[in-house]
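**Q** Need coordinates for the following:
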Amino acid sequence: METDSDSSYKQVQGLSRGLTVLKALSQSPHGRSQLGELTASTGLHRTTVRRLLETLILEGYVERSQEDGLFQLTLELKRMSDGFSVYDRIAEISEPILRDLSAEVTWPCALATPEEDFMVIRQSTHSLSPLSFHRGALGRRLPMLMTSMGRAYLAFCTDSAREQTLALIAAKYESGEVPLMSLATFRQILIRTREDGYGSNYGEWQEDKKVAAIAVPVMGERGEVLACLNVVAITRAVQPKQLGKNFLAPLRAAAEALQRAL
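**A** Below you'll find the model as predicted:
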């Protein structure tokens, strides 16, 4: 009779290697990685890692992003773990909605979720739009004060979330990391953002001064901001007033479609 203490079974090497790849992928920045990075982190042969990835893709646990070709864990696998986040679900569901939005406006668009005092891009069409100027947008961290998605998030999030985030930013003042505007000025921008119904940035972010962007929030059932969607153009192609005129209606429609799909 077999017992739990029976140790006669041999290790299933293929399963062990597959789990090694999944573990390495889960520990990659933002849960995404290139084949070469997984080969280096697992110590397995490149061909072996590629075979394992193809098997995991067939089984529905790994997928390859159409945005930049990186391998990433699927929603199905994330559902099996305690670390599954609503942000992962939003990013996955948003992909076809962003594609339709970008096809309508031609310019690239993206979805970002909050992380401390940044917005992190979780999905984008920068690799698809003929007008894109940022091919490696996924995982990019956008400062709250100076970007359209950061402003949209803070303008429409709960009072508690806003004040906690602004406290983090204020701490950067105290540590010497001084943003390009005072928090008092930023609060005035948030008032205008709420009145307009969208966040915007027109060459104000020093790291990317050619950017002209407009963003709207994706709201949850309890009135919280789950994510933000934006459309990104360049300042030499559009005037500030054209951001709302040209992009606000399709952007709002995309946000509403995403809210219905959640």
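**Q** make it CA atoms for all contacts and neighbour counts henceforth
**A** Fine.
**Q** What mean pLDDT does stretch 240-248 get?
**A** Stretch 240-248 carries an average pLDDT of 93.
**Q** contacting residues around it?
**A** If you take C-alpha atoms under 8 Å, 6 or more residues apart in numbering as the criterion, stretch 240-248 is touched by 105, 198, 200, 202, 212-214, 231.
**Q** Give me the subset of these lying in helices.
**A** V105 (DSSP state H).
**Q** Tell me the most packed of the contacts of stretch 240-248, by neighbour count.
**A** V231 (29 neighbours; other C-alpha atoms under 10 Å).
**Q** measure the spatially closest residue to that one that is not a sequence neighbour to L229 for me?
**A** Sequence neighbours aside, C109 is the residue nearest to V231 in space, at 4.3 Å (criterion: C-alpha to C-alpha, 6 or more residues apart in numbering). Applying C-alpha to C-alpha, to the nearest Å, the value for C109 to L229 is 7 Å.
**Q** element containing E63, please.
**A** strand 62-64 (DSSP states H and E).
**Q** ok, and for that strand, which residues are buried?
**A** Of all the residues in strand 62-64, those buried under the rule 16 or more other C-alpha atoms under 10 Å are 62-64.
**Q** Just give me the closest of those residues to T55.
**A** Nearest to T55 among those is V62, at 8.7 Å by C-alpha to C-alpha.
**Q** Of C109 and L229, which one has the most company?
**A** When C109 and L229 are compared on other C-alpha under 10 Å, the one with more neighbours turns out to be L229, at 30 against 27.
**Q** Contacts for the strand holding E63, please.
**A** 53, 56-57, 70-74, 77.
**Q** so where's the stretch 151-262 of the chain uncertain?
**A** 174-180 (pLDDT under 70).
**Q** Could you dump the buried residues of strand 62-64 into CSV with distance to R162 and pLDDT added?
**A** Listed next are the buried residues of strand 62-64 as CSV, based on distance: C-alpha to C-alpha, whole Å; pLDDT from 0 to 100:
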residue, distance to R162, pLDDT
V62, 35, 89
E63, 35, 88
R64, 35, 88
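**Q** So which of the contacts of stretch 240-248 are in strands?
**A** Among the contacts of stretch 240-248, the members found in strands (DSSP state E) are 200, 202, 212-214, 231.
**Q** Now the two most distant members of the residues you listed.
**A** Y202 and V231 (12.1 Å).
**Q** Between those two, which contacts overlap?
**A** With C-alpha under 8 Å, 6+ apart, Y202 and V231 have common neighbours A213.
**Q** on that earlier part again, got JSON lines for the buried residues of strand 62-64, with distance to S94 too?
**A** As requested, the buried residues of strand 62-64 are exported to JSON lines (distance: C-alpha to C-alpha, whole Å):
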{"residue": "V62", "distance to S94": "18"}
{"residue": "E63", "distance to S94": "16"}
{"residue": "R64", "distance to S94": "16"}
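**Q** Can you list the buried residues in stretch 219-229?
**A** Buried residues in stretch 219-229, counted by 16+ other C-alpha under 10 Å: 219, 224-229.
**Q** residue ranges for the strands of the stretch 101-250 of the chain, please.
**A** Ranges of strands in the stretch 101-250 of the chain, per DSSP state E, counting those that start in this stretch, are 109-115, 118-124, 141-143, 199-202, 211-219, 225-234.
**Q** so can I have CSV of those strands showing distance to T193?
**A** Converted to CSV, those look like this (distance: least, C-alpha to C-alpha, whole Å):
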stretch, distance to T193
strand 109-115, 18
strand 118-124, 17
strand 141-143, 16
strand 199-202, 5
strand 211-219, 10
strand 225-234, 14
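**Q** Perfect, that will be all.
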